[in-house]
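Asks: below is the sequence, then the predicted model.
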Amino acid sequence: MGRRKVEIKRIENKSSRQVTFSKRRKGLIEKARQLSILCESSIAVVAVSGSGKLYDSASGDNMSKIIDRYEIHHADELKALDLAEKIRNYLPHKELLEIVQSKLEESNVDNVSVDSLISMEEQLETALSVIRAKKTELMMEDMKSLQEREKLLIEENQILASQVTKTSLMILRANSSLHLR
């Protein structure tokens with residue numbers, strides 16, 4: 001005789017909902033711990049209750065290391081999103097440049113007033129300042145990301161070196177015990 005299947009829908013009774021959340025959260029964390037042990041993997045679980053309370057659990061590495069590794073591995077996706085944002089920011093500047101270019105290419109450049117030219121110059125300078133500031137910000141973010149990645153790679157390298165040392169010692173001990181017999 002098997003268990004009956006529970007229909008998945010919102011629990012209306014608040015106290016029942018909280019009890020169910022607590023039990024299922026504990027079960028989820030236990031399953032994550034088991035998976036971590038069975039597969040020698042690092043697992044992080046984050047749950048936020050209906051009241052807004054945050055619960056987190058990490059197995060293996062600590063939570064911040066797991067999140068750092070997640071961010072590094074998903075940097076490409078973030079860069080793609082960042083590229084879309086850059087394009088959105090670029091379009092108004094492109095339009096401004098096109099307006100200035102069309103004004104300057106008109107056969108009647110003499111008809112453009114000094115005030116209009118000054119206004120266009122100010123707009124261009126403002127746009128250039130914004131672009132330079134954004135470029136500097138993006139370069140700083142890239143540098144920070146690379147430094148974080150370097151730190152994680154150094155940590156992983158140290159862990160691997162430690163594992164190699166332990167394995168080498170175990171092999172040496174096993175070989176020396178065989179020679180003693």
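Replies: It's in.

Asks: near residue 5, how many other residues are there?
Replies: Look at residue 5: counted by other C-beta atoms under 10 Å, it has 6 neighbours. For the C-beta atoms, the positions are set from N, CA and C on the backbone; glycine is no exception.

Asks: ok, residue 59 next?
Replies: Neighbour count for residue 59, taken as other C-beta under 10 Å: 19.

Asks: skip the chain neighbours and tell me the closest residue to it.
Replies: residue 36 (3.6 Å; C-beta to C-beta, 6 or more residues apart in numbering).

Asks: which SSE is that neighbour in?
Replies: Secondary structure assignment for residue 36, by DSSP states H and E: helix 14-39.

Asks: what's the offset of that helix from the middle of its chain?
Replies: 25 Å (C-alpha atoms, centre = their mean, to the nearest Å).

Asks: after it, next one along is what?
Replies: strand 43-48.

Asks: contacting residues around residue 176?
Replies: The contact partners of residue 176, by C-beta atoms under 8 Å, 6 or more residues apart in numbering, come to none.

Asks: helices of this protein, start to end?
Replies: Per DSSP state H, the chain carries helices over the ranges 14-39, 63-73, 75-105, 114-180.

Asks: count of neighbours near residue 43?
Replies: By other C-beta under 10 Å, 19 other residues sit near residue 43.

Asks: my read: it touches residue 37, true?
Replies: No: in this structure, residue 43 is not within contact of residue 37 by C-beta atoms under 8 Å, at 9.8 Å.

Asks: now the chain, which segments are flagged as low pLDDT?
Replies: Applying pLDDT under 70 to the chain flags residues 1-2, 60-61, 76-84, 86-94, 96-97, 100, 103-112, 179-181.

Asks: what does the domain assignment say about it?
Replies: 14-63, 74-180 (automatic domain parsing).

Asks: right, I'll leave it there.
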